[in-house]
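Asker: missing the sequence, but the structure's below:
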């Protein structure tokens, strides 16, 4: 009988030992890697010049309950968990080199191999939370765009069960990450206007073509009508059935009933041919929208003609230009797209009094020079 109890005791000790060994497996904290993504060139840059924390929601599909969605962060509100930038000493930073991104306290990956988590992320300068934020729907309703607004959302990170380590690749691409990638896109567009005179006029102004005739050109009463600043952004996503990131699809719908007018500054000093141009409307945020025939640019330009430095003619010309009729070297700009910066340069030839507008659109990215080193 005594021997029997000894055997039972030894068996129980063995079971306890096995259980302790399993529980002592180190927990795996969830961390993130962030970037601003350029779709055309597939180049990514640090987001640190734009924001140093962002909002994130995580959706758990636990082993045995994969068809059910659970709020993994258990946030008490709809704005999600705040994710911060940390340095190598585990201190929150707002500049410099970033070791990793994470919540203010650790969250750990589930241990079951069949469990997984989906992540969505966003940031808004004014802290405007999305009206809808689920695994398959992300939206901001009746969002009014101020001139300095900035709203970004990240590609959704699907079906993660741990921080990827060189085995993860973006869908269709070759980059790998050591943390959950949050690849951000700007939801708004930016627009600016500049002005200059033609180089031909500059040559004449120096006397190389017709003696000492010169022209001084100034601008006033410049505005662009027909610009909407209120809309709804509705985005959708779908499960790719593998651990990867997937871009959201969707666009802005204008909800503001009355368009606004962008008023620009007068240029009281004579325009030049400088490559820097004269900025008449600094780069500002706008609602992505189609360029329509309701977008009318109006301006007044004053041409003072001088001969040997003496003024002998002064013309004041008012003009209106339909922005949808403008075409540049790369063709017409038919819309102000998300994640784009658009520059319109007004070029005036004072000899012929002709006005030309050169449009250009590029990706909206910020190169801070210090990319987070956790990817």
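Answerer: Received it, and whenever you're ready, just let me know what you need. Predicted, not measured: the structure shown is a model, and the values here were computed from it.

Asker: Show the low-confidence segments of the stretch 201-350 of the chain, by residue range.
Answerer: 201-211 (pLDDT under 70).

Asker: if you set the cut-off to 80 instead, what comes out?
Answerer: By pLDDT under 80, the weakly predicted segments of the stretch 201-350 of the chain are 201-211, 274-276, 328-330.

Asker: who's in contact with the closest residue in space to residue 185 that isn't next to it in sequence?
Answerer: Residue nearest to residue 185 in three dimensions, not counting chain neighbours: residue 339, with 5.1 Å by C-beta to C-beta, 6 or more residues apart in numbering. Using the backbone N, CA and C atoms, a C-beta is placed for each residue, glycine as well. Counting by C-beta atoms under 8 Å, 6 or more residues apart in numbering, residue 339 makes contact with 39, 185-187, 189, 363-364.

Asker: make it 6 Å
Answerer: The contact partners of residue 339, by C-beta atoms under 6 Å, 6 or more residues apart in numbering, come to 185-186, 364.

Asker: What of residue 161?
Answerer: By C-beta under 6 Å, 6+ apart, the residues touching residue 161 are residue 116.

Asker: Kindly recompute the last result at 7 Å.
Answerer: 109-110, 113, 115-116 (C-beta atoms under 7 Å, 6 or more residues apart in numbering).

Asker: Pull the most distant pair out of these.
Answerer: Spatially, the most separated pair among these is 109 and 113, at 10.8 Å (C-beta to C-beta).

Asker: Specify which residue of the two has the higher count of neighbours.
Answerer: residue 109 (17 against 9; other C-beta atoms under 10 Å).

Asker: What number of residues are in the vicinity of the closest residue to the more buried one other than its chain neighbours?
Answerer: Spatial nearest neighbour of residue 109, excluding adjacent residues (C-beta to C-beta, 6+ apart): residue 28 at 4.3 Å. Here the number of neighbours of residue 28 (other C-beta under 10 Å) works out to 15.

Asker: And residue 49, by the same measure?
Answerer: The local packing of residue 49 (other C-beta under 10 Å) involves 15 other residues.

Asker: And the average pLDDT for stretch 124-142 is what?
Answerer: For stretch 124-142, mean pLDDT is 95.

Asker: what do you get for stretch 357-370?
Answerer: On average, stretch 357-370 scores 73.

Asker: for stretch 88-96, same thing?
Answerer: Here the average pLDDT along stretch 88-96 is 90.

Asker: In it, which residues are buried?
Answerer: For stretch 88-96, burial by neighbour count (16 or more other C-beta atoms under 10 Å) applies to residue 93.

Asker: Now the terminal residues of that stretch, how far apart.
Answerer: 11 Å (C-alpha to C-alpha, to the nearest Å).

Asker: So what touches that stretch?
Answerer: With contacts defined as C-beta under 7 Å, 6+ apart, stretch 88-96 is touched by 48, 52, 84-87, 99, 370.

Asker: Pick out the most distant pair among those.
Answerer: 84 and 370 (16.3 Å).

Asker: Next, count neighbours for residue 87.
Answerer: Residues near residue 87, counting by other C-beta under 10 Å: 14.
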